[in-house]
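Trainee: Sequence plus predicted model, see below.
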Amino acid sequence: LCLSVSLLSTAPQVSNTHVENAYFCSSTMPKVAVRPAESADCGKLLELIRELAVYEKEPDQVKMTEEQLRRDGFSEPKRFHCLIGELDGKPVAFALYFFVYSTWEGTSLYLEDLFVQEAARGQGVGMALMAAVSQQVLAHNCARFQWQAIDFNQPAIDFYTKRLQARERVEQGGHKWLNFIMSRAEVEAFLKTV
């Protein structure tokens, strides 16, 4: 396995967390690389997002366009950051994240999506992406790194809990945090009631 991971932002280097142009290689395995997404990647990124939606059994829910990705991720103000995972030079995965703020702890990093194409799974691409995003957590002095997984995606849950030692968010008193969401139409309907 050849693995190339670089610190992928202009944030100051954090000691013991910066891996710049590091390569870990075995000549018989494919080369895994992680790099920042560029505007030119928006077509491939949208393709990967659609593949993720199919995997999550929601293929008709993707409303995103290449133009919106370009505007929101590659012009100011940036709404998200994205990393591309490559296998032998071919984009096969992505991690899309942004920064949020906790009133209890300060800046945190939220991983919106991590997706690796099926044929590329099990070859270290997901681990390389998680390592690169984790570097960003430390480089930006984030208090925590958070994400969610759909309940039927047991391979992802196992990867997060067993390989990464991540945990479900439960507070000291045993209270779980629940996720809530409202669509734009639901927000508009709510605002009509107030």
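Mentor: Structure received.
Trainee: what ranges of the chain fall below the confidence cut-off?
Mentor: Scanning the chain for pLDDT under 70 picks out 1-28.
Trainee: pull the longest strand from it.
Mentor: Ranked by residue count, the top strand of the chain under DSSP state E comes out as strand 90-102.
Trainee: which residues are in contact with the next helix or strand after that strand?
Mentor: Downstream of strand 90-102, the first helix or strand assigned by DSSP states H and E is strand 106-116. Contacts with strand 106-116, where a contact means C-beta atoms under 8 Å, 6 or more residues apart in numbering, come from 48-49, 51-52, 55, 80, 85, 92-102, 125-126, 129-130, 133, 136-137, 140-147, 156. Every residue, glycine included, has its C-beta placed from N, CA and C.
Trainee: quick one: stretch 70-82 to chain centroid distance?
Mentor: Relative to the chain's own centre, stretch 70-82 is displaced by 14 Å; criterion: C-alpha atoms, centre = their mean, to the nearest Å.
Trainee: what sits against the residue nearest the centre of the chain?
Mentor: Closest to where the C-alpha atoms of the chain average out (C-alpha atoms, centre = their mean) is residue 95, at 3.0 Å. Contact analysis of residue 95 by C-beta under 8 Å, 6+ apart lists 82, 83, 85, 111, 113, 114, 129, 130, 132, 133.
Trainee: So what pairs up with it in the strands?
Mentor: Following DSSP bridges, residue 95 is listed with bridge partners residue 83, residue 114.
Trainee: about what we covered before: what is the orientation angle of the longest strand of the chain with strand 106-116?
Mentor: Angle of strand 90-102 versus strand 106-116, following axes from the mean of the first three to the mean of the last three C-alpha atoms, to 10 degrees, is 160 degrees.
Trainee: In strand 90-102, which residues are buried?
Mentor: If you call a residue buried by 16 or more other C-beta atoms under 10 Å, then strand 90-102 has these buried ones: 91, 92, 93, 94, 95, 96, 97.
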